[in-house]
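*Asks:* Dropping the sequence and predicted coords here.
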Amino acid sequence: MGSLSESYAFVILGASGDLAKKKIYPTLWLLSRDNSIPKNTFFFGYARSDMTVSQVREKCSPYMKVSAEDEASYEDFWRRNFYVRGSYDNKSDFESLDERIGKVGTPRTNRLFYLALPPSVFEGVTSNLKGCCMAKEGWTRVIIEKPFGKDSESSARLSNHLASLFHEDELYRIDHYLGKEMVQNLMLVR
């Protein structure tokens, strides 16, 4: 699960939103609890909201499943969390995020960016990630979750934009609306 000479940064862009507090942080906690994430993984919340890790933790609390025997592991999970406030279109804010990741990780820090953001900011955010936050050593991955465009034209524009910035193996696209429709039509398909 990774060597001691490398670390991992899992960055949640949109960390103050509902998707982050209800789904992403609880899932990361469960993966961490079950030792499915390397211990040298650090979690960075990034959003426009002026918050602290304690405030993020408090917002997530109703959605976290923590038993009495998990308390020590749960505390360890939150000790590995950081929060960076920044806008989605300001290069210097992404430079600050990059600097923060660099201070916490090892020289070889693999980076995974999870965009839990409105589609209207995808282009600016991904441009800033490419320009400021790519791993110096190691790999970088970008996960985009949301409707992938509002129609065929906007989807193609976003795909072309992403292709100009990242290699295909650096991108993961999750369109929960398409997944929802597929599940809803499962009975029809049968």
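*Replies:* Noted; the coordinates are in hand.

*Asks:* Which stretches in the chain count as strands?
*Replies:* Secondary structure of the chain, counting by DSSP state E: strands at 6-13, 41-47, 81-85, 108-115, 140-145, 171-174.

*Asks:* Would you point out which residue is most central in the chain?
*Replies:* Closest to where the C-alpha atoms of the chain average out (Cα atoms, centre = their mean) is residue 114, at 2.5 Å.

*Asks:* beta partners of that one?
*Replies:* residue 12, residue 143 (DSSP bridges).

*Asks:* Can you lay out the strands of the chain as a markdown table showing mean pLDDT and distance to residue 29?
*Replies:* For glycine as for every other residue, the C-beta is placed from the backbone atoms N, C-alpha and C. Shown next, in a markdown table, are the strands of the chain (pLDDT from 0 to 100; distance: least, Cβ to Cβ, whole Å):
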| stretch | mean pLDDT | distance to residue 29 |
| --- | --- | --- |
| strand 6-13 | 96 | 12 |
| strand 41-47 | 97 | 9 |
| strand 81-85 | 98 | 10 |
| strand 108-115 | 96 | 14 |
| strand 140-145 | 92 | 18 |
| strand 171-174 | 88 | 19 |
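
*Asks:* okay if I get the ones you listed as JSON lines plus distance to residue 64?
*Replies:* Converted to JSON lines, the strands of the chain look like this (distance: least, Cβ to Cβ, whole Å):
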{"stretch": "strand 6-13", "distance to residue 64": "15"}
{"stretch": "strand 41-47", "distance to residue 64": "13"}
{"stretch": "strand 81-85", "distance to residue 64": "12"}
{"stretch": "strand 108-115", "distance to residue 64": "18"}
{"stretch": "strand 140-145", "distance to residue 64": "20"}
{"stretch": "strand 171-174", "distance to residue 64": "22"}
